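Undergrad: Prediction below, plus the sequence it came from.
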6 protein chains.
Amino acid sequence: MLELNEMNNEMMKAGTLIEALPYIQRFSGKVVVVKYGGSAMLDEELKYNVIKDVALLKLIGMKPIIVHGGGKEISKWVKLSGKEAEFYKGLRITDKETMEIAEMVLNKVNKELVGLMQKMEMNAVGICGKDANMLHVEKRMPDGKDIGYVGNVTSVNTDILYTLMDAGFIPVIAPIGMDENFDSYNINADDAACAVAKAMKAEKLVFLTDIEGVFVDPTNKKTLISEMDVNTAREFIANGVVGGGMLPKLTNCVEAIDQGVSRVHILDGRVAHCLLLEFFTEKGIGTAILKEPLF
Amino acid sequence: MLELNEMNNEMMKAGTLIEALPYIQRFSGKVVVVKYGGSAMLDEELKYNVIKDVALLKLIGMKPIIVHGGGKEISKWVKLSGKEAEFYKGLRITDKETMEIAEMVLNKVNKELVGLMQKMEMNAVGICGKDANMLHVEKRMPDGKDIGYVGNVTSVNTDILYTLMDAGFIPVIAPIGMDENFDSYNINADDAACAVAKAMKAEKLVFLTDIEGVFVDPTNKKTLISEMDVNTAREFIANGVVGGGMLPKLTNCVEAIDQGVSRVHILDGRVAHCLLLEFFTEKGIGTAILKEPLF
Amino acid sequence: MLELNEMNNEMMKAGTLIEALPYIQRFSGKVVVVKYGGSAMLDEELKYNVIKDVALLKLIGMKPIIVHGGGKEISKWVKLSGKEAEFYKGLRITDKETMEIAEMVLNKVNKELVGLMQKMEMNAVGICGKDANMLHVEKRMPDGKDIGYVGNVTSVNTDILYTLMDAGFIPVIAPIGMDENFDSYNINADDAACAVAKAMKAEKLVFLTDIEGVFVDPTNKKTLISEMDVNTAREFIANGVVGGGMLPKLTNCVEAIDQGVSRVHILDGRVAHCLLLEFFTEKGIGTAILKEPLF
Amino acid sequence: MLELNEMNNEMMKAGTLIEALPYIQRFSGKVVVVKYGGSAMLDEELKYNVIKDVALLKLIGMKPIIVHGGGKEISKWVKLSGKEAEFYKGLRITDKETMEIAEMVLNKVNKELVGLMQKMEMNAVGICGKDANMLHVEKRMPDGKDIGYVGNVTSVNTDILYTLMDAGFIPVIAPIGMDENFDSYNINADDAACAVAKAMKAEKLVFLTDIEGVFVDPTNKKTLISEMDVNTAREFIANGVVGGGMLPKLTNCVEAIDQGVSRVHILDGRVAHCLLLEFFTEKGIGTAILKEPLF
Amino acid sequence: MLELNEMNNEMMKAGTLIEALPYIQRFSGKVVVVKYGGSAMLDEELKYNVIKDVALLKLIGMKPIIVHGGGKEISKWVKLSGKEAEFYKGLRITDKETMEIAEMVLNKVNKELVGLMQKMEMNAVGICGKDANMLHVEKRMPDGKDIGYVGNVTSVNTDILYTLMDAGFIPVIAPIGMDENFDSYNINADDAACAVAKAMKAEKLVFLTDIEGVFVDPTNKKTLISEMDVNTAREFIANGVVGGGMLPKLTNCVEAIDQGVSRVHILDGRVAHCLLLEFFTEKGIGTAILKEPLF
Amino acid sequence: MLELNEMNNEMMKAGTLIEALPYIQRFSGKVVVVKYGGSAMLDEELKYNVIKDVALLKLIGMKPIIVHGGGKEISKWVKLSGKEAEFYKGLRITDKETMEIAEMVLNKVNKELVGLMQKMEMNAVGICGKDANMLHVEKRMPDGKDIGYVGNVTSVNTDILYTLMDAGFIPVIAPIGMDENFDSYNINADDAACAVAKAMKAEKLVFLTDIEGVFVDPTNKKTLISEMDVNTAREFIANGVVGGGMLPKLTNCVEAIDQGVSRVHILDGRVAHCLLLEFFTEKGIGTAILKEPLF
């Protein structure tokens, strides 16, 4: 028999499951694209937590797709091969050799993630944008400058994603695409996630980041914005309220919603089980950008 | 932003969801038959709790079937119609008029339950064993005595159950069947639930009761048995350890397991969310009888 | 060997089957909704005849749906429970207790009919409008007066009907629905049959009644109208040619045709096998209201 | 309104339909192979009657297949081409030229029948045993004598039959097959019907003939046998009770039943609607040979 | 081991297969209607070659349909039956008896072709336009003159073609149709092929003829036109450049393209494997009429 | 018009296509596993040729699966990272770091191949044995010595292969698997191809090598064996006729045939279009090992 305090504890557990009920109901059968990166990708325990969260999303009927970056490993291997990493306005200058290394590293990261997911009984399949001719890109030319094999996604062939998901597999995507000459290009992982979410008309697009969310005043933690509608986000961008790494991310959010994604989340990947907390509890964490106006 | 104690609270919630993960994984796609009765059927709040639990089972991929009794309402309406309720060894002596009243009351209870489930967004359909020729019975003759239209289930035609479940409906069953002359018979709800569970090769059969479970010594609450294998249950029956209303219930449990049900639960329906607590937390509540030996 | 007069007899039988051929051809795969009530529901032999007719409709490829009323049994049980039956303009004033009794009686009648059909090897399933959230109603307010739980059908969720029919079952419907608060309401059986026929775009809607059909002059049996088009029916209503219980029935007919039913029949349920006679012989019996003009 | 004697008449019609009910129930979805020949093929009105019967079989859910012969037309065209028809023990001696004529005539008869069926709104498709490689034969050598292109069916490829029936078409078969060298052979139509019935595990195989059935004493019309089981038929053959054209037919019946056909009928094709009379009335006409013993 | 010159030979073979690759890719899954007639139907070896070509088309994923004529055999059998063949402006005057003979001969030719295809392991099924009510015709009245049972196709019911092709069979069509009275009519085989190609929205329609193609100047073999667009073909017709038997054929080509066929080929059936040469080699042979302008 | 010598040339092309016909017929729908490696992987033109061959196999209805190795690139990158490549009996000693590099290189090679196939309009998807939990391995211990992450395939989960092939994709497999702890292992590509072919019950398993085939006397090119049955191969192994790199390959061939593969080919990948030459011409090249005895 359960003791009284145990009983209270158990009751709280039941309450949590019941609290999750309407969210489970609402999200059942919906596609959620998770951009996986930052600390959640480096710390072993956080990595496990994220995957457990994704497993739960899948089990209760959501359809998760994971898009990941290569983190700091690309630079490490570029260096190992005797080259110097070069950047232009934050974008890696990517010649043929660098692209070859990027492709090696991104696919290695991809398969490591797949292996970890298999270990946790999630039936993942790792692909990149070259497989099934999925991600089509054009060369990215910041300020008209040719920085090599860095691409923007121009269209997404979703066949392989539906094939895998219909057969019960979880797609894990490395952000590499091909241009019209079938040359390989590196894609920013946030952009790739955004393009996939739009093409799949995802219910949710989630960015796992290393920040707590969007702040009205980044110097004041108390000004975190829990929810904002897409028009407010647009104003923030126009008025220069946000800046730094947050600007392209917020731009991505707005664009994703403009093209059919219902809700975009910027979550702090350093918080264990941030996905579950955001999706299945009333308070949520991080910042959500919504399609429909808040009031 | 979440305050620290809020954060702790939220973490516990995430922990609960994660704790449920392996159970969700194990039970996905499995049939669970819930015999619904006792206090859980009379108390408005408990009623809501049970239905919420069933809703969660359905949402996370289980296939619930509900079998209910008529509780004390049959006696009330028998009295109203001017008849005296008569019993033989605990079985209601059921002449034609009494059977007619039983059928009215059981179907009313059935549709009330369906209405309540619809209200809570669960797509239930109420049937009895006459529908689709589901429950076949033979007359029950305790000590060779004819007590009227009281039947034992001899076979179950599962067509309608698969039809409803495949279309996403939750079957709610009133325990009435027909003999080979197509006369209506009252069936003990525990027996009906057991017959359905066997025919559907259910993963789980749950009896919601008004007791806490099976005790080694019923006078000592500390002797509650959390789990026992089917052979132990058989010994308990043979050795007369259990008695009273528990004896036929435990006999049902043993028989269900012998015919393909994996696990039978005797749960205390007076505990809110007892289904969730038993299914998705490590401790569980009540008594479980298992197919395979415990050690 | 057959003797000559036997032979003649047999030839007539073959002739009957051949006469039925074009009708069978025309009706194959079509939905027919039968409002079952009146004498055909009270007399044992007529009851058997109706069910045999429905069985034949099913076997030759039609898709029958039965909607029934509760006849005089509701009043009997209301009285038994010590209440006085009250009416306003022919509508039963239905408080909570009366509604509870109505629900009991209607479901009992429903399951009796199902049992009888099973006995005759027809695979029937009895449901009411609460099952699968099928019949949605709003409170009926004659002259703005609140007469309790009496409802008009506002919409029909046909999912369960298609599920049952696709699996080969014959749906038998008790006329109970729910309003937006999920409270139970009694529905006039004619209205329920009409609503179901419209929602299913039925080929035929049949009212089994205790009259021979529509008369130009009800005092003169020779003025029975065999067929009329919907515009003539409209004129009859407008000009006050019909009255009494026939008025709402004819109004239902017109409305059903306006919303997609091809043909509505008012048949005399006191005539044995009236369904077969009307459907499969050239003369037919009763009154048919047709979509397309007669000439 | 119907007058009284009309009413009686109508009641008899309804009675006939109802009498047919259990037979319709029993035969639904079953394959019936009809060997069409003799007078029923020559007389225009009988031809129409047979086709109407087959139409009714199809409409009420049976799956008819028609196998026909070429009747007397082959001889006519052989003569026209200046050849002399020759026979050995009742089998046409069939050289290349005769086979060519037989193929022309049989296919003409086939398409005439198809045209007539289309005219009566039955969706027929005419094929011979060469189509879809359906009928495989070996040369028939009566007393070891080579009589040319006369074959016995050795196996049946049923693919095309299922393809056509699943798509709702009625197959009409001309009895021509091919040997292992893909040469064309004439097949006795009774034999072809028997082979098809066995391969399709038909419920019924019907021979439309110009006799009334099997007699104990062919000189005494009163000795017609309505039903006999297969063992009795075997004895009749062994004891020489039957002879003439009936012997191979009865042998075919026995063989068909031995290989899975449930019931074989020898019907008098000169009786209008003999198929309906035999299938849907209690008395039946002609002789039926049954799988299971009569008593 | 292969010797050097063998090796060269083998390399050429591989080259041929590789050259065919883009054509196979382009035509995969497309319908091609082949009008089979002329010498290719009379010469045994050419006949085999055509069938082998069709087999290859089928194997590499195209969907061939064959339409054939009766060649000179009809006249032969008309004469044999003692009638005189009569023509009006090149069209056979076709009374009932002549039509009967035409039907016999066309179906014989049909089944001979089917038998030959089966021999070469192609699963053909022979049908005429009466089967499955496929070809509907109206009487053809040249200059208002009634020349008997000669018809123009007015519509095509494609059900049986899809049924056969979906099941993997190759349809072989004899050009016979029925009018609204279900009388049989002879159809010009070119017209029938054209009607079927249009109804099936065929990728290709091929006429196997006894000429090399369309010439600018028929007296000068060097003026063969390899490809022309449909507008040029129209001009040729309007300007009287083409004449004789080529005029109706070219008119058919234009009409076919106007109604959805992509490309029509006039091939010389006397050239072995003309189908393969035209379809899978760069040069091609004969004349192709194209939907889209050439430049 | 074609000139005469052109005509001859064209006729030879048609002949080649026709010669291929029976092979296309025989192989349609069959799985063929191609182990891709050696020179065919290094030389740009040979690479294109192999892919064109695979494209043709796919187009004519075969189901190709490609398994590749990493060639000499792994050693190159091991060196680049500052490690010394070490071997034991020809097997690379593979510590964690080496395995990481192997995984990077093999996946890069995999995606390069996929990109090239996409460029040639073949819809390939690249996976390794970790995806969808496809290849399960156990540690390989030559002479009981632990040489690190080198594995033998113990079982193959074919789900992902059927999923991809049913959706029309060509699977391209990198030979990496996981053991029961979900650690990554390098697999010999020949072994991986053999394991996949067995699990898929492939019709053909092809090893693209840098030798011409199996010789009776390797020093005498004239002793090349074109075909041998599996028992002869077994004798060759037992008698030590073959040795060197050929021994494990031939052992693989024997094992593959013992477990359900019909035919194994050892082809010289240095010969352009060796796949087409072997599959679709009578002579063939290389050595074929057959299931059934040769005579």
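TA: Yes, it's here.

Undergrad: residue contacts, residue A:43?
TA: Taking Cβ atoms under 8 Å, 6 or more residues apart in numbering or on different chains as the criterion, residue A:43 is in contact with residue A:270. All C-beta atoms are positioned from the backbone trio N, CA, C, and that covers glycine.

Undergrad: cool, and residue A:228?
TA: A:214, A:236, A:287-290, A:294.

Undergrad: Skipping its backbone neighbours, what lies nearest the residue in the stretch 51-200 of chain A that chain B sits nearest to in space?
TA: With Cβ to the nearest Cβ as the measure, residue A:59 is the residue of the stretch 51-200 of chain A nearest to chain B, at 4.8 Å. Excluding the flanking residues, the one nearest residue A:59 by Cβ to Cβ, 6 or more residues apart in numbering or on different chains is residue B:24, at 4.8 Å.

Undergrad: what distance separates the helix or strand hosting that neighbour from the centre of its chain?
TA: Counting by DSSP states H and E, the element that carries residue B:24 is helix B:4-27. Centroid separation between helix B:4-27 and its chain, computed with Cα atoms, centre = their mean, to the nearest Å, is 28 Å.

Undergrad: What residues of it count as buried?
TA: Along helix B:4-27, these residues count as buried under the neighbour rule (16 or more other Cβ atoms under 10 Å in any protein chain shown): B:10, B:13-14, B:16-18, B:20-21, B:23-25, B:27.

Undergrad: and the direction of that helix versus that of helix A:4-27, what angle?
TA: 70 degrees (axes from the mean of the first three to the mean of the last three Cα atoms, to 10 degrees).

Undergrad: of the buried residues of helix B:4-27, closest to residue E:123?
TA: Nearest to residue E:123 among the buried residues of helix B:4-27: residue B:25, at 47.7 Å, using Cβ to Cβ.

Undergrad: Now do the contacts for the closest one.
TA: A:55, A:59, A:121.

Undergrad: how far away is the second one from residue A:113?
TA: I take that to be residue A:59. Remark: distance between residue A:59 and residue A:113 (Cβ to Cβ, to the nearest Å) = 18 Å.

Undergrad: Tell me which of these two has more neighbours.
TA: residue A:113 (22 against 19; other Cβ atoms under 10 Å in any protein chain shown).

Undergrad: Just to be sure, the more buried one is in a helix?
TA: Yes: counting by DSSP: H, G, I helix; E, B strand; the rest coil, residue A:113 is found in a helix.

Undergrad: what's near enough to touch it?
TA: Shown in contact with residue A:113 (Cβ under 8 Å, 6+ apart): A:36, A:66, A:68, A:124, A:126, A:172.

Undergrad: Tell me how many other residues crowd whichever residue of the stretch 51-200 of chain A sits closest to chain D.
TA: Closest residue of the stretch 51-200 of chain A to chain D, Cβ to the nearest Cβ: residue A:166 (26.6 Å). Residues near residue A:166, counting by other Cβ under 10 Å, number 11.

Undergrad: Spit out the contact partners of the residue nearest to residue A:59.
TA: A:56, A:59-60, B:60-61, B:280.

Undergrad: Same question for residue A:83.
TA: A:97-98 are the contacts of residue A:83 under Cβ under 8 Å, 6+ apart.

Undergrad: Kindly report the same for residue A:262.
TA: Applying Cβ under 8 Å, 6+ apart, we find residue A:262 in contact with A:202-204, A:290-291.

Undergrad: Quick check: the gap between it and chain C.
TA: To chain C, residue A:262 is 26 Å away according to Cβ to the nearest Cβ, to the nearest Å.
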